[in-house]
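A.B. asks: Quick check, what structure comes out for this input:
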Amino acid sequence: MAYVDPVLSRDALIDLALVGWFVALAIAEAISARHGRTRESGDDGRLLTNFGLTALVILASGLLPLATIASAQVGVGIGMAHHLHLHWVPIFALTLLGQTFAAYWVHRWMHASPLLWRVHRVHHADTSVDVSTSLRNHPLELVLTIPASALVIVIVGAPISVVVAVQSFLVAGAIWEHAALVLPKPVDRVLTLLFVTPRLHRLHHSPDRRNHDSNYGNSLTVWDRLFGTLNDHQERLQVGLTRQRAAPNHLLEQICSPLHTI
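C.D. replies: Model (predicted):
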């Protein structure tokens, strides 16, 4: 019988689960659009741009996977988990809170800094918001996001299993919060006590600075609540950016967008 690496098998199952989650939400979006609740304009160029940027990010992130960092720090026995002899669940909770805290401030910094905004606006330039938008990021964002995530892993001392679990949760959360879905108001109200919902995150994609400079949180609403940036506006608003030099649905122009001031 051929030997199967359990780590590779686990990673493959997680990848399949995330793809299944993406497809399930995409189907839910199609059903919602058919009933006229979330229909928006779009074309093939938009999807090509979103998935093209995804491929570039995957290639770039493969140069420094977070699992490698977790493996390295476990080998030298550093981090809170080692010194406090924590079990898996509290390590997961600490890592999740640390990762979302770091992501919140990195995200907020990318909005506040004109130079970093040139990179991050590629994500906001999408003319619609749906599950494919969750994959639309400029690979240069990794220059900030990977070191921030790595620092949390080292401070907590998270093992590979926790890192994989937290990252999978955050990816699933990012897909969910970008979904073009309208939840029943009572359900949305309960979920937003803890989680970012599609309604909350859609506000973040508004071209109006008063709206898109809010709701920075990734998956959890705790940091927006704590730092006063939660926007709970109920109306469904337009998304995208205005007065941009780079065409939003043109892959090469979006890759080069950070070179332009507008």
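A.B. asks: which one is Trp176 nearest to, not counting chain neighbours?
C.D. replies: Counting by CB to CB, 6 or more residues apart in numbering, Trp176 lies nearest to Leu25, which is 6.7 Å off, once chain neighbours are set aside. All C-beta atoms are positioned from the backbone trio N, CA, C, and that covers glycine.
A.B. asks: residues near the one you found, how many?
C.D. replies: Applying other CB atoms under 10 Å, we find 21 residues neighbouring Leu25.
A.B. asks: you'd agree it is up against Thr133?
C.D. replies: No: between Leu25 and Thr133 there is no contact under CB atoms under 8 Å: 11.6 Å.
A.B. asks: can you map out the helices along the stretch 51-200 of the chain?
C.D. replies: If DSSP state H, counting those that start in this stretch is used as the criterion, the helices of the stretch 51-200 of the chain fall at 66-76, 80-84, 88-112, 114-124, 142-156, 160-177, 185-191, 198-204.
A.B. asks: List just the one of those helices that sits closest to Phe227.
C.D. replies: Among these, helix 88-112 comes nearest to Phe227, with 7.5 Å by CB to CB.
A.B. asks: pLDDT averaged over that closest one - what is it?
C.D. replies: For helix 88-112, the mean pLDDT works out to 96.
A.B. asks: now do stretch 149-162
C.D. replies: The model assigns stretch 149-162 a mean pLDDT of 90.
A.B. asks: Just checking, which helix or strand of the protein averages the lowest pLDDT?
C.D. replies: helix 66-76 (a mean of 58; mean pLDDT, DSSP states H and E).
A.B. asks: before we move on, back to that, now the helices of the stretch 51-200 of the chain as TSV including mean neighbour count and distance to Gly20?
C.D. replies: Below are the helices of the stretch 51-200 of the chain laid out as TSV (neighbours: other CB atoms under 10 Å; distance: least, CB to CB, whole Å):
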stretch	mean neighbour count	distance to Gly20
helix 66-76	16	21
helix 80-84	15	31
helix 88-112	19	22
helix 114-124	18	24
helix 142-156	19	24
helix 160-177	20	10
helix 185-191	13	21
helix 198-204	23	19
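A.B. asks: Relative to Leu220, which of those helices is closest?
C.D. replies: It's helix 88-112; of the helices of the stretch 51-200 of the chain, that one is closest to Leu220 (CB to CB) at 5.0 Å.
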